[in-house]
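Enquirer: coords please:
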Amino acid sequence: MEIRIQHIFLKLATLFSSTVFCLLLALPSIAAEGAEETDTSDDLGGIFDPKVERREVSRDAIDSENWEIGLYYGVISVEDFGASEIKGLRVAYHVTEDFFIETSYAQTRAGLSSFERLNGNVVLLTDSQRKYSHYNISLGFNVLPGEGFVGDSTAFSSQLYFLTGLGSTNFAGEQRSTIMIGGGYRVLFTDWFAAHLTLKDHLYDIELLGSAKTASDLEISTTFSFYF
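Expert: All right, here's what the predicted structure looks like:
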C-alpha cells in the first residue's frame, strides 16, 4: 500500500515539475507580446492625438464709406420719339445696409417721331427743343443679397435693389414733374468699386401731338461707381 501511494505522489510531482518548466519557457514569449501591444497603443495614441495646430487667418479690411458716385451710359426710349443713347451722373448715400438715397442727372437728344418720319416735310420740334434731360431724387431699397461667381474660385458680393423717386424732365422746351420707378443689380468688385445694371421708368404728363397723355420713358443703363 505504501508503495502505491509513493508511486502516485511521484507521478504528481513529475507532472507539477513539467508544468512549472513549461510556464518558465513561455514567459519570454508573453513578455514580448506585451511589449508589442504597448508599442501599438503608443502608435494609436499618436494617430488620434487631440492636439490641433491653429493657423493664422488674415481678414480683408472692409472700408466703411457711405458715399457712392458714378457715371452711367445707356439707352432711353422717349415716347413717340424713338430710342436714344443717354449719359448721366449718379450720387448715392447709403444710410444703412438696407436702404440708400440717390440723386441722378442725365441728358440725351430725342430723335424723330413716327409722325415726322411718315411726313417728311413736317417738323414738330426744333433742334433746341429736342434736347432731353431729367434729374430725380429717389429712395433705394436693397433686397436679396448674394454673390456672383466667375469660375470656380472667384466670387463677388452682389445685391438687387428697388428705386422710387420724384424729379423733373426737361423736353420740348418745357419742364415736367416726373415720377420715377425702377430697380437694379449691383456687383461689388472691391470694397471701393462697383458696377450697376439699372432699369428705370420715367412717368410724366405731356401734350405734344394733339392729346394729353402720360408719357412712359424706359431707360436701361450701366453704371461704374466708386465709394468714398
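Enquirer: OK, contacts around residue 140?
Expert: Contact analysis of residue 140 by Cβ atoms under 8 Å, 6 or more residues apart in numbering lists 92, 99, 100, 101, 102, 161, 162, 163. No exception for glycine: its C-beta is placed from N, CA and C like everyone else's.
Enquirer: Direction included, what does the helix or strand harbouring the third one pair against?
Expert: Yep, that's residue 100 we're talking about. In the assignment (DSSP states H and E), residue 100 maps to strand 99-109. Using DSSP bridges, strand 99-109 pairs in its sheet with strand 83-94 (antiparallel), strand 131-150 (antiparallel).
Enquirer: Between the contacts of residue 140, which has the least confident prediction?
Expert: In terms of pLDDT, residue 99 ranks lowest among those, with 94.
Enquirer: Surely that residue touches residue 143?
Expert: No: using Cβ atoms under 8 Å, residue 99 is not in contact with residue 143; the gap is 10.1 Å.
Enquirer: which of those two has more neighbours?
Expert: Neighbour count, other Cβ atoms under 10 Å: between residue 99 and residue 143, residue 99 has more, with 13 against 10.
Enquirer: so what's that one bridging to?
Expert: residue 141.
Enquirer: Please, where are all the strands along this structure?
Expert: For the chain, the strands defined by DSSP state E occupy 67-77, 83-94, 99-109, 131-150, 154-171, 174-188, 193-207, 212-227.
Enquirer: Would you format these as TSV with distance to residue 122 included?
Expert: Formatted as TSV, the strands of the chain follow (distance: least, Cβ to Cβ, whole Å):
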stretch	distance to residue 122
strand 67-77	22
strand 83-94	20
strand 99-109	19
strand 131-150	20
strand 154-171	19
strand 174-188	20
strand 193-207	18
strand 212-227	20
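Enquirer: and residue 54, which of the ones you listed is closest to it?
Expert: Nearest to residue 54, of all the strands of the chain, is strand 154-171, at 25.6 Å by Cβ to Cβ.
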